[in-house]
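Undergrad: Here is my input; please provide its structure:
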Amino acid sequence: MHNRMRPKMIAIAAAVVAVGALVGIACPPASDHAPSAQSSPAPAPATQTKPAQPKPLTLDDCLNRPASRACEAVALERLLAGDAETSADLFTRMCDADEVRGCYGLGNAYAAGIGVNQSNRRARAAFRKGCDGDDGASCYRLATLSLAGSDASGPSNRSRRKRHKHRPSHRLRGAGAEPEFGASTHASTRASTHASASVASVVASASASASASAHSDFGNRIRAGTKEHALLERACTLGHAPACRFLGGETGFERGCALGDAVACLLLGLARQEQKRPPAGAFRSGCALGEGESCFWNARASEEEDQEAGTITHPTVVAYYDRRACELGFAAGCQRIGEAHFAGSGVPKDTARALEWWNDACRKGLGESCWRLGDVFEHGKEVNIDLQYAQQIYRHACALGSTQGCADASRLESDPAPTDADAAPEDD
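TA: This is a model prediction of the structure:
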């Protein structure tokens, strides 16, 4: 019903706007006499000028005027330019002026020892001031800094995820290891996305123990009643999505997912999957937010639901999510879309494309895909036999943990590949 009414509502709204325009502009003021041809024309309405946009602050502005929140972008730019000392100075000025984003940046500077001497005590003081000023990211970092030196957690996200196949060994999970120095969900920082991403790489090695490793080692549910739990709850309430995810449990994951945290959506889907509940909605959300593993699991969830219902999902849907997973860096998705092209399931049958996807997965570290390449070339499955390449790729698969790759590499080594001279001549 709403859909049928919508065109009518749009038409009515357009008519109202048109009538308003005619009444307000075309109709002259009421008078006793109609205007004659000799009447002077009414003056044209004055054009409305848009208010001038404020100019971005410069370094001199931030150093010579009272600190403002806009100086955060300048501080990030200085850090990106390699001037960490000036960056830390700007954050200090902001924090001293009660600009909480400055406190967040200053806390990260002290925690990582970037531009200042490393000091967890001063980092905690800066984060505390930011948290007291309702900056959720500061509350979150204060909690993780505390967790780095204590054990206030329950079962870890890492242990939960080990029960699922296709876990990427090269990616940190449950960590919420967001970029430091202000790269958070705050609108003011979104304008500095490029700078923030680069900043993350600058501080990664120095700050990993203070935040990222804390998240991977501590639980998917921080024990209630601890100061860390209270800080994370406050950060989550203030809208900081990684804090909601770090609180863990289905409720925490759901809150984080609703706030746009892609990994929280993934973990929510996995939690529901363990409870034998439909997880696809959470996986779809995570996929839409750019989490490749969510795309992969959304494809698997669709397959499982169809198996249980005795129906068949159009294979193009599954192929789409597997391809998207691969494009977002999840190797198992590359493996699956390769199989789809090899079999012509949901996508055109194309052996060359299948080999490309498997090769991509192999480069991403998935031993199963390396073995698949070796198997195809050893047995000439729609390609020319190449035993030398097969043996080489089997060894690589073995190095990546593929037991089948190890077995096949050993088998080919004990039975050397024939040379071209030994090969039987082809029939004319």
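
Undergrad: Tell me where the model's unsure across the stretch 151-300 of the chain.
TA: 151-221 (pLDDT under 70).

Undergrad: show me where it has helices.
TA: 157-161, 187-190, 193-207, 212-217, 227-237, 241-247, 249-258, 262-274, 280-288, 292-309 (DSSP state H, counting those that start in this stretch).

Undergrad: so what does the longest one touch, helix or strand wise?
TA: For helix 292-309, the contact count by 3 or more CB pairs under 8 Å, 6 or more residues apart in numbering; DSSP states H and E identifies helix 262-274, helix 280-288, helix 315-327, helix 331-343 as packing neighbours. Glycine gets a C-beta too; all of them are placed from N, C-alpha and C.

Undergrad: Tell me the buried residues in the first one?
TA: Neighbour counts using 16 or more other CB atoms under 10 Å place 262, 263, 264, 265, 266, 267, 268, 269, 270, 271, 272, 273 of helix 262-274 among the buried residues.

Undergrad: doesn't residue 257 make contact with the fourth one?
TA: Yes. Using CB atoms under 8 Å as the test, residue 265 is close enough to residue 257 to be in contact (4.0 Å).

Undergrad: Give the residues shared as contacts by those two.
TA: Overlap of the contact sets of residue 265 and residue 257 (by CB atoms under 8 Å, 6 or more residues apart in numbering) consists of 282, 285, 286.

Undergrad: my guess is the first one contacts residue 257, does it?
TA: If I follow you right, that is residue 282. Yes. Using CB under 8 Å, residue 282 is in contact with residue 257, at 6.2 Å.

Undergrad: okay, and the common contacts of these two?
TA: 265, 268.

Undergrad: neighbours around residue 367, how many?
TA: 22 (other CB atoms under 10 Å).

Undergrad: show me the contacts for it.
TA: 396, 397, 398, 399, 400, 401, 402, 405 are the contacts of residue 367 under CB under 8 Å, 6+ apart.

Undergrad: can I get the residues you listed in a markdown table with distance to residue 339?
TA: Below are the contacts of residue 367 laid out as a markdown table (distance: CB to CB, whole Å):
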| residue | distance to residue 339 |
| --- | --- |
| 396 | 19 |
| 397 | 16 |
| 398 | 21 |
| 399 | 22 |
| 400 | 18 |
| 401 | 20 |
| 402 | 16 |
| 405 | 17 |
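
Undergrad: pretty sure residue 345 belongs to a strand, no?
TA: No. Looking at residue 345 with DSSP: H, G, I helix; E, B strand; the rest coil, it is coil, so not inside a strand.

Undergrad: May I have the phi/psi pair for it?
TA: Dihedral pair for residue 345: phi -100, psi 100, per degrees, to the nearest 10.

Undergrad: Could you find the closest non-adjacent residue to it?
TA: Leaving aside its sequence neighbours, residue 345 sits nearest to residue 315 (CB to CB, 6 or more residues apart in numbering; 4.8 Å).

Undergrad: That neighbour contacts residue 340, doesn't it?
TA: Yes. The pair residue 315 / residue 340 is scored as a contact, 7.2 Å apart, by CB under 8 Å.

Undergrad: residues bridging contact with these two, i.e. touching both?
TA: By CB under 8 Å, 6+ apart, the residues touching both residue 315 and residue 340 are residue 346.

Undergrad: Please say which of these two ends up with more neighbours.
TA: residue 340 (26 against 15).

Undergrad: Tell me, what's the model's pLDDT at that one?
TA: Residue 340 is assigned 96 on the pLDDT scale.

Undergrad: What is the three-state secondary structure of residue 56?
TA: Classified using three-state DSSP, residue 56 is coil.

Undergrad: any idea how far it lies from residue 105?
TA: 17 Å (CB to CB, to the nearest Å).

Undergrad: and the two? which has more neighbours close in?
TA: residue 105 (35 against 11).

Undergrad: Apart from its chain neighbours, what residue comes closest to that one?
TA: residue 91 (3.9 Å).

Undergrad: Could you measure from that neighbour over to residue 60?
TA: 17 Å.

Undergrad: mind listing what residue 84 touches?
TA: Applying CB under 8 Å, 6+ apart, the residues contacting residue 84 are 78, 109, 114, 115.
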